[in-house]
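Enquirer: test case, fold it:
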Amino acid sequence: MLITKHTAAEQIAAYLHHEITLHQLVDWAENAMLDGDFSDQDAPVLRDVISQLGVADVKAFGLTWKDCESLLNRLGYTAHVEVVAG
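Expert: All right, here's what the predicted structure looks like:
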């Protein structure tokens with residue numbers, strides 16, 4: 001499976017939108033590091049970003065909003081928050 005910056009950004013966005021759990025995000029990242037094919041030009045940044053996601057379930061590392069924002073920026077994306085009445 002080819003992993004691109006877009007693929008990684010979609011996974012982070014799914015986590016932020018509560019479409020997947022932290023555990024699912026970590027599982028995806030671990031599998032991507034083991035089995036994924038990274039696009040050549042983006043491989044260094046993808047390895048860094050995905051390896052950080054892969055340890056996000058470890059208390060010492062965690063995954064904060066700021067972390068997600070930074071990871072998305074490294075992938076060429078920005079995060080925006082929208083607050084709406086429920």
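
Enquirer: what about the helices in this structure?
Expert: 5-16, 22-35, 43-54, 65-74 (DSSP state H).

Enquirer: run the chain-centre distance for the last one.
Expert: Centroid separation between helix 65-74 and its chain, computed with CA atoms, centre = their mean, to the nearest Å, is 8 Å.

Enquirer: residue closest to the middle of the chain?
Expert: I12 (3.9 Å; CA atoms, centre = their mean).

Enquirer: and the pLDDT for W28?
Expert: W28 carries a pLDDT value of 97.

Enquirer: isn't it right next to Q11, touching?
Expert: Yes - between W28 and Q11 there is a contact under CB atoms under 8 Å: 5.5 Å. Every C-beta, even on glycine, is put in place using the N, C-alpha and C of the backbone.

Enquirer: list residues touching both of these two?
Expert: Common contact partners of W28 and Q11 (CB atoms under 8 Å, 6 or more residues apart in numbering): 20, 53.

Enquirer: thank you, goodbye.
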